[in-house]
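Student: Give me a 3D structure for the following:
(2 chains)
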Amino acid sequence: MLTFQNVCVGYGGSDILKGLSLTVEEGSLTCIVGPNGAGKSTVLRTVSGLLKPRKGTVLFGNTPLNGATPRRILEMGILQVPQERSLFPQLSVLENIRLGGFILKDRKLVDARVEAVVERFPFIKDRARELAGSLSGGQQKLVEFARCFMLEPKLILLDEPSMGLDPQTFRQVFETVAEVHREGCTVLMVEQNTKSGLQIATHGIVMESGTLRLSGTNVEVLQNPAIGQLFLGGTLSMAK
Amino acid sequence: MKRKRVQAAMMVAAVIVAAVFPLVVSNAAIDSVAIFTLMYVAMASAWNILGGFTGYVSLGHASFFGVGAYAFTILCHVWHVPGGWITFAMLPVAGVVAALIAIPFGWVALRTRKHTFVVITIAYLFIFQLLAYNLTGLTNGSAGLGSPIPSWTGSFFNIPFFYVALALALIVIAVAAWIRSSRLGLHLLAIRDDEDRALGLGIKTGRLKLSAFVIAALFIAMAGALYAYYITYVYPPFAMNPLDDLAMALMSFTGGVGTIAGPIIGALLVEPSQQYFTVAFQSGLNLVTYGGLFLVVILLIPRGLWPTLRDFVASRQSRQRVPQAPAAETSVLSSEGGGQ
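Tutor: Got it, this is the predicted structure:
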């Protein structure tokens, strides 16, 4: 579904992704893990059009994403839930959900999508009129996640969904991600918490210094002897 | 749903009271205060479309009040429009003239944010005031211009102005309510909340902010035109008055900035009080009360009367409800799925 072919991307003068090649299969829940500075979030920013590849090709199906604007990429059904909070705290939960459909012109369609999202995530109904800023960090993350469904996503990009969450909310967010995936949505997730991320994933990708170091099913990646070093915050190179 | 019904009923009741007001109260002085109050309801509600919905506090929109007043008077002279009912048709024309002028000024001012925007809009007010003083060929300078004299007199004099002011106020309120409930309104509120985040989401913030700036200018200018017709003359210090800017902001903040009801409540409270203080003290003490009220509002009820009252009622209601046992921790997804 998503293919990186020898992609180089960077900020300023230096490259963060150094000839990265990887594949995300349709219907998979792929988790990218790796140490800080590996370029995990840069992969997501490249897919969502916020960064342009200097070299190489990014394909969504057979469509190249290289020249596409972020809006065009949204229209293609690729949605990103960023690492940082992205809700509007002074707007209600429901208004934040509506904003997820900002590219839709048809009001009836927006209403229908809002209804579908509320049906899919019933907790939104209970908190619909509350200010988004009054929700806990985990609840905000779930609303951000639910907001993606306003545009019927084909691919959801999740950037460190567990960041800053307490263990209980962390589990709730991960269960939600897993359930959405089971319903047929393709998810590409970047996760600092290596073990938890790979456990709910179907596929794993290990990155280091902007390159692919390991990929396969989650079991293959989890059972790789070198991965233990990553659990301790190290790198695969250190394991050699 | 119940809250909406209550609000609609309150609105209908307020319109009925307003509609019969000049028929019941025949005191010309009180009717005059009522006309000014309705003008300020319209102006504060229009100001709120920009200041309240986008968070861009303009202290220069009184310049468009003046532009509307001058446009009305000058066009009536040029087109030989006599005083009468037809003259009210010039109000939207004056509004459109001001809106067209507002476009380039808004485009420039909206390239800035927050305090810089406020300062630039204050500068606009004085630029327009200076222009009104100095473009003597157009504005007749400090001597001012006479507007058409209405063809009716006596105890009936205030009645047409009252109903036109009421109609203008209702139109602005309806437009503000429509914007608030529309996609445009949601995007404006997103800009108020976090403009960079709204930009990141893909919202075309520049275009939307300019729309709010111009819509506010349009309606404030129509109020200015009505003012010029009612007073029958227009000259710079009254047409471009910094106190009008302060009044619009104060009314919105007092009632509840960013809400529909807030500017209405604010105007209904502030304008009659201001008129009373002007008559009662006649020594500039009314200006002190303006400043004092602004401080009280910002310090004690920063969100304004309406939201504070609404939250108070809501919290009392929730306290009266019987507490329910918390639901067991389950999945946040519907058990029926609702899959792809």
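
Student: does any part of the helix or strand harbouring A:Gln139 sit near chain B?
Tutor: Element membership for A:Gln139, per DSSP states H and E: helix A:137-147. Yes. If you take Cβ under 8 Å from any Cβ of the partner chain as the test, helix A:137-147 does meet chain B, through A:Leu142. In this view, the C-beta of every residue, glycine as well, is placed from N, C-alpha and C.

Student: Just the buried positions in that helix, please.
Tutor: A:138-147 (16 or more other Cβ atoms under 10 Å in any protein chain shown).

Student: so what pLDDT did B:Ser335 get?
Tutor: As predicted, B:Ser335 sits at a pLDDT of 46.

Student: show me the contacts for the nearest residue to B:Ala46 once chain neighbours are set aside.
Tutor: Spatial nearest neighbour of B:Ala46, chain neighbours left out: B:Phe219 (3.6 Å); criterion: Cβ to Cβ, 6 or more residues apart in numbering or on different chains. Counting by Cβ atoms under 8 Å, 6 or more residues apart in numbering or on different chains, B:Phe219 touches B:42-43, B:45-46, B:95, B:168, B:171-172, B:175.

Student: which two from those residues end up farthest apart in space?
Tutor: Spanning the widest gap among the contacts of B:Phe219 are B:Ser45 and B:Gly95, at 14.2 Å by Cβ to Cβ.

Student: Compare the two and say which is more crowded by neighbours.
Tutor: A direct count of neighbours by other Cβ atoms under 10 Å in any protein chain shown for B:Ser45 and B:Gly95 places B:Ser45 higher, at 34 against 26.

Student: So which residues of chain B form strands?
Tutor: Secondary structure of chain B (DSSP state E): strands at B:145-146, B:233-234.

Student: Check which helices and strands the last one is in contact with.
Tutor: Of the remaining helices and strands, those touching strand B:233-234 by 3 or more Cβ pairs under 8 Å, 6 or more residues apart in numbering or on different chains; DSSP states H and E are helix B:62-78, strand B:145-146.

Student: if you set the cut-off to 10 Å instead, what comes out?
Tutor: helix B:62-78, strand B:145-146, helix B:205-231 (3 or more Cβ pairs under 10 Å, 6 or more residues apart in numbering or on different chains; DSSP states H and E).

Student: and stretch A:124-141, how far apart are its ends?
Tutor: Length of stretch A:124-141, first residue to last, Cα to Cα, to the nearest Å: 12 Å.

Student: any weak-confidence spans in the chain?
Tutor: As the question left the chain open, I've gone with chain A. Counting by pLDDT under 70, chain A contains low-confidence residues at A:228-240.

Student: Oops, wrong one, chain B.
Tutor: B:1, B:282-283, B:321-340.

Student: which one of the buried residues of helix A:137-147 is nearest chain B?
Tutor: The nearest member of the buried residues of helix A:137-147 to chain B, counting by Cβ to the nearest Cβ, is A:Leu142 at 5.6 Å.

Student: residues contacting the closest one?
Tutor: A:81, A:121, A:123-124, A:127, A:135-136, A:161, A:169, A:172-173, A:176-177, B:332-333 (Cβ atoms under 10 Å, 6 or more residues apart in numbering or on different chains).

Student: And the residue nearest the centre of the chain?
Tutor: Chain wasn't specified; assuming chain A. A:Leu158 (1.7 Å; Cα atoms, centre = their mean).

Student: sorry, should have said chain B
Tutor: Note: chain B centre (Cα atoms, centre = their mean) maps to B:Ala44, 2.1 Å.

Student: Could you let me know which of the contacts of B:Phe219 ends up closest to chain A?
Tutor: Nearest to chain A among the contacts of B:Phe219, with distances taken as Cβ to the nearest Cβ, is B:Val175, at 17.6 Å.

Student: doesn't B:Ser181 make contact with that closest one?
Tutor: No. B:Val175 is not in contact with B:Ser181 according to Cβ atoms under 10 Å; the separation is 11.2 Å.

Student: who's more crowded, these two?
Tutor: Each of B:Val175 and B:Ser181 has its neighbours counted (other Cβ under 10 Å); B:Val175 has more, 16 against 11.

Student: ok, now which ones touch that one?
Tutor: The contact partners of B:Val175, by Cβ under 10 Å, 6+ apart, come to B:45-46, B:49, B:215, B:218-219.

Student: ok, now B:Phe65?
Tutor: B:39, B:43, B:46, B:98, B:125, B:128, B:217, B:219-225, B:227-228, B:238-241, B:244-245, B:248.

Student: just to revisit the earlier point, so which of the contacts of B:Phe219 belong to helices?
Tutor: B:42-43, B:45-46, B:95, B:168, B:171-172, B:175 (DSSP state H).

Student: one step back: select, from the contacts of B:Val175, the two members most distant in space.
Tutor: Going by Cβ to Cβ, the pair spanning those furthest: B:Ser45 and B:Leu218, at 12.3 Å.

Student: Need the overlap of contacts for these two.
Tutor: Shared contacts of B:Ser45 and B:Leu218, counting by Cβ under 10 Å, 6+ apart, come down to B:172, B:175.

Student: so A:Phe88 makes contact with B:Arg197?
Tutor: Yes. At 6.5 Å, A:Phe88 counts as touching B:Arg197 under the criterion of Cβ under 10 Å.

Student: Please enumerate the shared neighbours of those two.
Tutor: Joint contacts of A:Phe88 and B:Arg197 (Cβ under 10 Å, 6+ apart) are A:99, B:190-191.
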